[in-house]
Every structure is written in structure tokens, then in C-alpha cells.
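Colleague: Test case, fold it:
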Amino acid sequence: MLVQVRARGDAASVVRVGFTATKRIGGAVVRNRAKRRLREAMRLVGAPLTSAGCDYVLIARGGTADRPWLRLLDDVKSALIRLAADLGAPHLSDLAGGASAPSKQSPAIDV
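Modeller: Model (predicted):
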């Protein structure tokens, strides 16, 4: 899976999350299953790891629909932690092992 984030600049705003899967990963049933799994994973682990005023997009890849559930949860969590470090989010820096300078480009993590 691939996770992208873009800061909107309005820090008091809510977090927006989108999910997508292309036809390359399979038919409609497989794509919907992959998106449902990503949606649930984000619901379970995403809230404390996201920054207000940011848009997140989770893109399903080939094995997303069949990946073991705990590994998928771990993938989403580790991607969000790494993105928080790239954004320089101060409240998430201790989870990521330290903050780095904010990036001018939209960071993306391919897991």
C-alpha cells in the first residue's frame, strides 16, 4: 500500500482521509475488500497518528486484500509514524523517534 499526506495549512481543521484502489489489483470485489480493510485499519490506528489540517490518501496495492490483518495494521501504523516525522508534527515526534524539518513536497510512504 501507499500512503500520501498533504498539509492544507489550516491546523484547526479536521483530518480528511481518502481510499483508492485501481483495477490493476483485481476486480470490484477485491478492490472493495482492500479499501474496506484500509478504512478499518485507519479507524483503529490512525486517530492518534494523524495531524489536524492534513489530507491522507491510502492507495491499495496488489496484496492489500490478502495481507494478514495484524501485518496490515502494523504497515498503516508505521507509515503514519514515518509521515508524521516527515511533516515535523511536534505532538507525534516522540512516536517517530524525533522530528525532522517539514517537507515542501507531499510526503508519501510506500509499504
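Colleague: Who are the contact partners of the closest residue to Thr20 other than its chain neighbours?
Modeller: Distance criterion CB to CB, 6 or more residues apart in numbering; nearest residue to Thr20, sequence neighbours excluded, is Ile59 at 5.3 Å. Just so you know, the C-beta spots here come from the backbone N, C-alpha and C atoms, and that holds for glycine as well. If a contact means CB atoms under 8 Å, 6 or more residues apart in numbering, then Ile59 has 1-4, 19-22 as its contacts.
Colleague: For Ile59, give the beta-bridge partners.
Modeller: Applying DSSP bridges to Ile59 gives these bridge partners: Leu2, Thr20.
Colleague: For the remainder of this discussion, apply numbering that starts at 2.
Modeller: Done: numbering now begins at 2, and the last item shifts to Ile60.
Colleague: Now for the contacts of Ile60: which two are most distant?
Modeller: By the measure CB to CB, those have their two most distant members at Val4 and Thr23, which lie 15.4 Å apart.
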